[in-house]
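Q: Sequence and predicted structure below; questions after.
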Amino acid sequence: RKEVEQDPGPFNVPEGATVAFNCTYSNSASQSFFWYRQDCRKEPKLLMSVYSSGNEDGRFTAQLNRASQYISLLIRDSKLSDSATYLCVVNLYNDYKLSFGAGTTVTVRA
Amino acid sequence: GAVVSQHPSWVICKSGTSVKIECRSLDFQATTMFWYRQFPKQSLMLMATSNEGSKATYEQGVEKDKFLINHASLTLSTLTVTSAHPEDSSFYICSARDLAGDAYEQYFGPGTRLTVT
């Protein structure tokens, strides 16, 4: 079993749609969670941290479910510019190392 | 703020040669830098953790004699791929942790695409 697992997609959605996807992680004691965005052939860029109570940043909402060991990302009112690969990133063992999921590809079409 | 640069951005080399990749934190001090490798359609895999002034810590399965890491200052870490082979062709990305920032946040460099022919 992978330590950080994501649905690879792709999710093809029209502009304005809502898209959501999850990521599961293996260590129940993990404390820090992030969503990164990676565009083709570029480095990952931090989209948002994920807090225990859930948090929102504009059209993006992140949730953490500790009982089931997953985090989620929801994108509302999708824009063409949201097309990217979204990486689930977990500080699995609370030692400053980040573990990456393989990414969920989202394509927003006009 | 929090900019990390990498040089070169891409390199093509012949099998058997060595390639050095530089990672610099431009506007902050980084006690710790990380080196990752990403193959197409796969996730980033941590290769090693580099601490200023001490030896790097390598992840399981990563050959320390093949991937030489030097972290001589708080703003510079280098990765040297020695005797490169075609299977070393990959996207190499470094990241740095800000000494004064969030403990878990890492800032990524733009990556170096290595092709070994």
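A: Ah, there it is.
Q: Backbone dihedrals for B:Glu63, both of them.
A: When read as degrees, to the nearest 10, the backbone of B:Glu63 gives phi -80, psi 120.
Q: next one: the one 3 residues further on
A: Summarising the backbone geometry of B:Lys66 under the convention degrees, to the nearest 10, its torsions are phi -90, psi -40.
Q: Excluding sequence neighbours, find me the nearest residue to it.
A: Nearest in space to B:Lys66, with sequence neighbours left out and distances taken as C-beta to C-beta, 6 or more residues apart in numbering or on different chains, is B:Thr82 at 5.5 Å. The C-beta positions use only the backbone N, C-alpha and C, and glycine is treated the same way.
Q: you'd agree the one you found is up against B:Asp65?
A: Yes: judged on C-beta atoms under 8 Å, B:Thr82 makes contact with B:Asp65 at a distance of 7.3 Å.
Q: what about those two, which has more around it?
A: Of the pair B:Thr82 and B:Asp65, B:Thr82 is the one with more neighbours under other C-beta atoms under 10 Å in any protein chain shown, namely 15 against 8.
Q: which residues does the residue nearest the centre of chain B bridge with?
A: The centroid of chain B falls nearest to B:Trp35 when counting by C-alpha atoms, centre = their mean (3.5 Å). With DSSP bridges applied, the residues forming beta bridges to B:Trp35 are B:Ala48, B:Cys94.
Q: Checking the strand or helix carrying A:Arg37 against chain B, do any of its residues make contact.
A: Remark: A:Arg37 resides in strand A:32-38, with elements defined by DSSP states H and E. Yes: Strand A:32-38 lies within reach of chain B by C-beta under 8 Å from any C-beta of the partner chain, at A:Ser32, A:Phe34.
Q: That strand: partners in the sheet, and parallel or antiparallel?
A: strand A:44-50 (antiparallel), strand A:84-91 (antiparallel).
Q: Tell me which of those sits nearest to A:Arg1.
A: A:Arg1 lies closest to strand A:84-91 among these, at 13.9 Å (C-beta to C-beta).
Q: Which residues of chain A lie near chain B?
A: Checking chain A against chain B by C-beta under 8 Å from any C-beta, the hits are A:4, A:32, A:34, A:41-46, A:49, A:87, A:91, A:96-103.
Q: how far out from the middle of the chain is stretch B:13-33?
A: Its chain's C-alpha centre and that of stretch B:13-33 lie 5 Å apart, by C-alpha atoms, centre = their mean, to the nearest Å.
Q: is any part of that stretch close to chain A?
A: Yes: using C-beta under 8 Å from any C-beta, we find that stretch B:13-33 touches chain A at B:Thr32.
Q: quick one on the thing from earlier: Serialize the strands paired with strand A:32-38 to a markdown table and add fields for mean neighbour count, distance to B:Ile12 and mean pLDDT.
A: Below are the strands paired with strand A:32-38 laid out as a markdown table (neighbours: other C-beta atoms under 10 Å in any protein chain shown; distance: least, C-beta to C-beta, whole Å; pLDDT from 0 to 100):
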| stretch | mean neighbour count | distance to B:Ile12 | mean pLDDT |
| --- | --- | --- | --- |
| strand A:44-50 | 19 | 24 | 92 |
| strand A:84-91 | 25 | 25 | 95 |
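Q: now these in TSV, with distance to A:Leu74?
A: Formatted as TSV, the strands paired with strand A:32-38 follow (distance: least, C-beta to C-beta, whole Å):
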stretch	distance to A:Leu74
strand A:44-50	11
strand A:84-91	11
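Q: Relative to A:Thr24, which of those strands is closest?
A: Proximity to A:Thr24, assessed across those by C-beta to C-beta, is greatest for strand A:84-91 (8.6 Å).
Q: Many thanks, we can stop here.
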